[in-house]
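Asks: compute the structure for the input listed below.
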Amino acid sequence: MLLRGAEPTVALALFLVCLSSLLPFLWSLLVLQALAGIMWRPWIVIGIRREQVETAVTKAAGMVRLKTERTDAAFTLTGIGTAHVTSFGPWLHLVGFRIRRTKKLVLFQNVLRKTIQNYTLSP
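Replies: Here you go, the predicted model:
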């Protein structure tokens, strides 16, 4: 399952609201979470392994003719920015983008979305 756009931000906000009912000082985390959601627009990927997410980023970049350089958890996409993959478990990952808004970025994100959805549909 892929949550993108506002859905990951809302999902995390709902989790923090539920947690804040137990610990009131966590309300301040909602402000930080809202700022991070607005700035990085993360995607949440549930149900596939980290290797599959990394392979999907590499494949999507190749399909739109972007050169990639891989560091530990980041992929530098030549000409448009970086994509970061952070794992919170074997089946839960956060994909964040620090990228300039271009037509090539929109194409890359659409291809990446379709590639990730194909992984979740395959057995």
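
Asks: residue contacts, the residue lying closest to V45 once chain neighbours are set aside?
Replies: Nearest residue to V45 in three dimensions, chain neighbours excluded: H93, at 4.5 Å (Cβ to Cβ, 6 or more residues apart in numbering). C-beta: built from backbone N, CA, C; applies to glycine. If a contact means Cβ atoms under 8 Å, 6 or more residues apart in numbering, then H93 has I44, V45, I46, I48, R50, V53, V85, T86, S87 as its contacts.

Asks: quickly find the element holding H93.
Replies: Taking DSSP states H and E as the definition, one finds H93 inside strand 92-99.

Asks: strand partners of that strand, parallel vs antiparallel please.
Replies: Counting by DSSP bridges, the strands paired with strand 92-99 are strand 43-46 (antiparallel), strand 81-89 (antiparallel).

Asks: what pLDDT, on average, does it get?
Replies: For strand 92-99, mean pLDDT rounds to 84.

Asks: how about the residue nearest the centre of the chain: what's its closest non-neighbour residue?
Replies: Closest residue to the average C-alpha location of the chain: V95 at 2.0 Å, with Cα atoms, centre = their mean. Spatially, and ignoring its direct neighbours in sequence, V95 is nearest to W43 (4.4 Å; Cβ to Cβ, 6+ apart).
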